[in-house]
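**Student:** build me a model:
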Amino acid sequence: MLMINKKRSMSFILSLMMIVSMLNFFNPIYVKALSKSIKVKVRVEANDHTIIPEKEVEVSNFNLNAHDDKLKDVQGVKALHGLIRVLESENIDCKDKNKFNCSGGYINNIAGVKEGDVSSKDGWMYYINNKYIDEYVSYKDINEGDSIVFFFLEDYEKNTYSYFNETYLETKIGKDINLNLLGIKRDFTTGKEKKEGISNAKIIVNNKELVSNGKYVITDSKGNVNLKFEKEGTYEVSAVKFDKSGKTRVISRPYCKVVVKGGSIEVDKTPLKKSIREAEEILGKAKVGEAIGQYPKKAVDSLNKQIDETKVLLNKNNLTLDEVNNADTKLQNAIFKFKQSINKDENLGKVISDVVSYYEGILDNNFKSFDFITTMALRRAGINTDILAKKINIYGMDNIANNERNVMTLIAAGKNPKNYNGKDYTKLLIDYDYNEENDAAVIAKAIIAMDMAGVSYNQKKVVEELLSKVHDEGNGKLSFGKIIAGDLDDWGEWEDDEYIPYTDTIGWALIALSNHKDFKNVSNTIEGVKKYVKSIQRTDGLIDNAADTSLVIQALISMKENPKDAYWCIENNGAKISMIDGILKCRKDNQFMNNPQSGMVSDISTPHVLAALVDLNTMSSMYRKLKYEDISTPVKVSIFGDKEVYNGGILKLEAKAFDYNNLVIKNAAMMWKSSNEKIATVENGVIKALNEGEVEITAYIVGNESIKDTKKVKVVAPPKIDYSNKLKEEIKFLVDHYDVYGAYEFLAAPSAVISGVDKEKIANNIYRYTKNNTALQNAKTIIALLGSGLDPREDKSKNTTINYVDTLEKAQVKDGENKGKFIVNKQSDENCIETQAYSIIAMDLAKGNYNKEEAVKSLLNMLNDSNYKNSSSYKFIKTEAVAATALANYKNVPGVEVKINELIEFFKVNQNKDGAFDMKAGSTFINSPIATGAVVQALLSNGIDPLSWQWCKNGNSMLDGMIKSKFIGRDASTSGYCQGEGLNFENTEASYYAFSALVQMLNKESIFPMIEKNIINNNEKEVGTNPEKEEFEIKSLITEKEFKLGSDVEVTIKAINKTKENKDAALIVGVFNKSGQLVSYGAVEQNIKADENVTLTAGLSLPKEGEYTVKSFVWDDLDTMNPISKFIEIPVK
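**Tutor:** Modelled structure (predicted):
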């Protein structure tokens, strides 16, 4: 077992193993050695490359002490023996700690791949014969013929151990081989394992992702993949799979060696022949001309030329698979371009674009989904299938009416209706007894759906059932509708059934029949129905309403008729009104009404009209054009994303590949490049801006750079916004609140001091917890006391003296499972991340005596163990941010810097649209000052400005978002900040976190270093300003003769080093009360060379009331505080 120590809390097994192993960490293992040697196969896999492919080595029980002094005279041959032997066989020096590190059998570095390099949950593990091993490598015996795999995982909670069903295969050129990628997913909490095929994993051959015909070769739903090799040689096959973010690998690298000898390849030309037939059929149906729906002669000639070139290649001898694939891609691309060249109605194009913009505006509305008509219309209007697939409505109840709509929806969204989430939606349509169906519309839509899906069904029988529903209206007119069952009338007599024609049913029937004109009576029925439809056309061109008229338009186009023909126009006052005129008069903004007089838009008419318009735009039917194809070839690439990025920033672009049906190809293999890498680089769509300027970013299909898209991106200077006035205004708001409220709790105390409130006033009104019986309350009290200039070791309150620092020092657990934690109250403190974090912060401020390394390790363990997130004390962003603050000073501890980076990324991902953060604590509090304030202190503690442009969202800063939770009450005492936006009552915790955040953002510094500057121990309260040795001479460079209470001041002096050696110096600008005590100060430190003079500036905020003097002088440093210059005094009025 090679998991890192910080992960052992994840399960009882891991914890127990750690304890057992620790018994041997300090006591060498002395056991009798055996000399027998064995042969084993060993493979070593990093997370992103193979360190050593499977290799057989002969292993004996050699002395391990040279590699780990804790291991002596180990009995038997262990897994560690095998690892060391295979590494040394590849000239990796296992005695070099930079290349290999093992302690007591716990490995954290192999070939320079170290634990903690990738994430806080990474590390080395090993399996033997594809079985999980729960022993250290120094303990586990190995046997003759064992296969051992050492692998580095990026996140043990997400990782699945993977392996191929074969590790060695011999084959011939051109012969198919099948590999099955299997995975063992282990839950480290329960110890349970699950074995299954791994789907959608990219295949890697000789450390390169395998690409075929512009697409990555991936495993199917059961983990299977077929491979074929064109040349002799030895191929090392592996695989990779990432999580949804695309950042973390979630499987270990599997391995299979394939040796290809002899044979010859017979290239399958079938796909190329199919593409040629398809292109010829499209040309055969195409009409050449300038009218809408026709194709330009130039486009026809271009496609003919590509067909001819492809036929020449087809007859070439010794064609390679790559040549066939490239030719097929070129021809498919030519077909796509030909389809795009169709003459469109520009006027309709503008209307279509406007309606599409309406739907684009509701894409983020979780309460709106798309039915089958909407999905098909939007697909034909150019919305890509990735977007549509997220919005489709799939009916759950299994019946004919639902399934036929589901089939059309899925095809439009680019999904397979025969296998969507494991269900075949076409089966019921095929097996259904239509003789039992009375609704002609249901039968018609079933025919349309089955034709679109390309399934085999009894077409003649189903069409006959539809024809049986036709109704004779007389005079050669026919209709489709519904029979309304009779009922009892007012006299108690039974009424006859009544037939009612429905225009929407007629539309569906015509669309269905248009594809089956070769069947008996279909053409005659169509003509009769058209006569009936014409007879009910209104003077405004409509037939019943906009939705039904749109269906009729689609039906005519499906029958290859033109709805604009004179036959379908109405004479009205000398003007000819078409059905198209009629539906366009129903437009209201970017939607459509049922009728021109309706006054309100319709969710039924809008998608139906859009569907008719997109068919009219190209005079082609969506019911003929939309099909599902299992095999698709990329013919187009489109880049999506912004066109501008700030210098020094990152911009994420997305590229999608499409086939000629505008279907998004999921596994398209794409590369990216930048036209000028001095301005910006790009990798996997992520642009890093380096210098101002303009750059072209290109995404293209691997192996075919002609299929590409290019986007111009500008790198511009980031904006500079001065928030200081707004911050000062908000700080004053809270200063006034606390002045009236009269109690300074936790962060409010130091925030008020830094804001210039009289420190004595704050000290006299510190809020103390009644019982103070938890470690968290002790930590908060220490911070409040230090922030107001009081001594937490000698807090005099209510005739008692309390040493809070001593309480926390004694509360740290020395050993056991809670080692390093601060626990005063087990129930409250044991599982509380905030307790641990604030205890560390408080002890550091107070310079307490505690085991820092164990405290930090304990905090890391809690953060890395998802079980702690189930604690009632866990408050999402707030909790993680407090932890990031505590860890900021301990980046030298292994694992800390990686965890901080993860947390910062976590904050970035979860920043809301207003620029602030929400807090989840039972309920969700929007724009929470608590969560936002915690993030502010975390970022500043780690050297990041929370008001920088990098942390603005939609143009909103954290300040903008947090202020949304500001509350103005009846007076200052009831005003402050709410827990979240819209709650309308002040919350104490929200107010002091907001106060702290505002002060920190104004000063661009975490509050805790600012507290340190204001900490004055009891024996140092009266600070001398008269030096024993005047090593520095200072001169004032400011013109002010006095300062005003409540103002922010800066003092600039010239300091001259009068000694003969370089000296550290700290310029102090101190505020002294009338008793001569130093109340607060600002400081700046610098090393000044001998005889050199420098200009130093320091600033601070002055109290708003009281009697004070500002003195400027030089200390030797901020710790000893020995004055080494005379002082300059300026009164405060």
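**Student:** from now on I want contacts and neighbour counts done on CA atoms only, so please keep to that.
**Tutor:** Will do.
**Student:** now the stretch 551-700 of the chain, which segments are flagged as low pLDDT?
**Tutor:** By pLDDT under 70, the low-scoring segments of the stretch 551-700 of the chain are 630-631.
**Student:** residue ranges for the helices of it, please.
**Tutor:** Ranges of helices in the stretch 551-700 of the chain, per DSSP state H, counting those that start in this stretch, are 579-584, 605-618, 622-625.
**Student:** for the last one, which outside residues touch it?
**Tutor:** Helix 622-625 is contacted by residues 376-377, 380, 448, 452, 511, 558, 615 when judged by Cα atoms under 8 Å, 6 or more residues apart in numbering.
**Student:** am I right that V1071 falls within a strand?
**Tutor:** Yes: per DSSP: H, G, I helix; E, B strand; the rest coil, V1071 lies within a strand segment.
**Student:** show me the contacts for it.
**Tutor:** By Cα under 8 Å, 6+ apart, the contact set of V1071 is 1078-1081, 1102, 1108-1111.
**Student:** ok, of the residues you listed, which one's closest to G486?
**Tutor:** Closest to G486 out of these is L1102 (91.1 Å), distances taken as Cα to Cα.
**Student:** could I get the contacting residues of the closest one?
**Tutor:** Neighbour list for L1102: 756-757, 1044-1049, 1071 [criterion: Cα under 8 Å, 6+ apart].
**Student:** also N1014?
**Tutor:** For N1014, the contacting residues are 786-789, 1079-1081, by Cα under 8 Å, 6+ apart.
**Student:** from those, list the buried ones, please.
**Tutor:** Listed as buried from the contacts of N1014 are 786-789, 1079-1081; burial here means 16 or more other Cα atoms under 10 Å.
**Student:** just to revisit the earlier point, among the contacts of V1071, which lie within strands?
**Tutor:** 1078-1081, 1108-1111 (DSSP state E).
**Student:** how about the strands of the stretch 1001-1133 of the chain, start to end?
**Tutor:** For the stretch 1001-1133 of the chain, strands defined by DSSP state E, counting those that start in this stretch occupy the ranges 1032-1036, 1048-1057, 1063-1073, 1078-1088, 1093-1101, 1108-1115, 1128-1131.
**Student:** oh, I was asking about the stretch 551-700 of the chain
**Tutor:** For the stretch 551-700 of the chain, applying DSSP E, counting those that start in this stretch gives strands covering 569-572, 575-578, 587-588, 591-592, 636-640, 644-646, 650-652, 654-658, 664-665, 670-674, 680-683, 686-689, 693-701.
**Student:** can you tell me which of those is most buried?
**Tutor:** Counting by mean count of other Cα atoms under 10 Å, strand 591-592 has the highest mean neighbour count of those, with a mean of 26.
**Student:** closest one to S965 among the helices of the stretch 551-700 of the chain?
**Tutor:** Set against S965 and scored by Cα to Cα, the helices of the stretch 551-700 of the chain come closest in helix 605-618, at 39.4 Å.
**Student:** returning to that earlier point: dump the buried ones among the contacts of N1014 to CSV, plus pLDDT and distance to E902.
**Tutor:** Formatted as CSV, the buried ones among the contacts of N1014 follow (pLDDT from 0 to 100; distance: Cα to Cα, whole Å):
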residue, pLDDT, distance to E902
L786, 94, 31
G787, 93, 30
S788, 92, 34
G789, 89, 35
V1079, 76, 39
S1080, 78, 36
Y1081, 79, 36
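**Student:** now, which of these sits nearest M619?
**Tutor:** Nearest to M619 among these, counting by Cα to Cα, is G787 at 76.0 Å.
**Student:** residues contacting the closest one?
**Tutor:** Applying Cα under 8 Å, 6+ apart, we find G787 in contact with 749-751, 753, 1011-1012, 1014-1015.
**Student:** hey, which strand is longest across the chain?
**Tutor:** The residue-count maximum for a strand in the chain (DSSP E) belongs to strand 704-716.
**Student:** now, among the contacts of helix 622-625, which is nearest to S221?
**Tutor:** Among these, M452 lies closest to S221 (Cα to Cα), at 24.4 Å.
**Student:** now for A883, how many residues are close by?
**Tutor:** 29 (other Cα atoms under 10 Å).
**Student:** the host helix or strand of it packs against which elements?
**Tutor:** Element membership for A883, per DSSP states H and E: helix 877-887. Packing partners of helix 877-887 (3 or more Cα pairs under 8 Å, 6 or more residues apart in numbering; DSSP states H and E): helix 833-845, helix 852-864, helix 896-910, strand 919-921, helix 929-941.
**Student:** those: lowest mean pLDDT?
**Tutor:** Sorting these by mean pLDDT places strand 919-921 lowest, at a mean of 89.
**Student:** just the buried residues of the contacts of L1102.
**Tutor:** 756-757, 1045-1046, 1049, 1071.
**Student:** can you tell me the closest non-neighbouring residue to L80?
**Tutor:** V137 (4.9 Å; Cα to Cα, 6 or more residues apart in numbering).
**Student:** so that neighbour makes contact with N108?
**Tutor:** No: V137 lies out of contact with N108 (Cα atoms under 8 Å); the separation is 11.9 Å.
**Student:** any regions of the stretch 1001-1133 of the chain where pLDDT drops low?
**Tutor:** Residue ranges of the stretch 1001-1133 of the chain with pLDDT under 70: 1015-1026, 1028, 1075.
**Student:** hmm, back to that, quick one: strands adjacent to the longest strand of the chain?
**Tutor:** strand 644-646 (parallel), strand 693-701 (antiparallel) (DSSP bridges).
**Student:** nearest to K666, out of the strands of the stretch 1001-1133 of the chain?
**Tutor:** With Cα to Cα as the measure, strand 1078-1088 is the member of those nearest K666 (57.2 Å).
**Student:** who touches that closest one?
**Tutor:** So strand 1078-1088 is contacted by 759, 789, 1013-1014, 1016, 1021-1023, 1057, 1062-1073, 1094, 1096-1100, 1117 (Cα under 8 Å, 6+ apart).
**Student:** same thing with stretch 306-326?
**Tutor:** Contacts of stretch 306-326 (Cα under 8 Å, 6+ apart): 212-213, 230, 267-269, 272, 276, 279-280, 327-328, 330-331, 334, 704.
**Student:** domain assignment for this structure?
**Tutor:** Taking automatic domain parsing as the reference, the chain has its domains at 1-157, 158-262, 270-340, 636-716, 724-1014, 1019-1131.
**Student:** what's the distance between the fourth one and the middle of its chain?
**Tutor:** What it means is domain 636-716. 19 Å (Cα atoms, centre = their mean, to the nearest Å).
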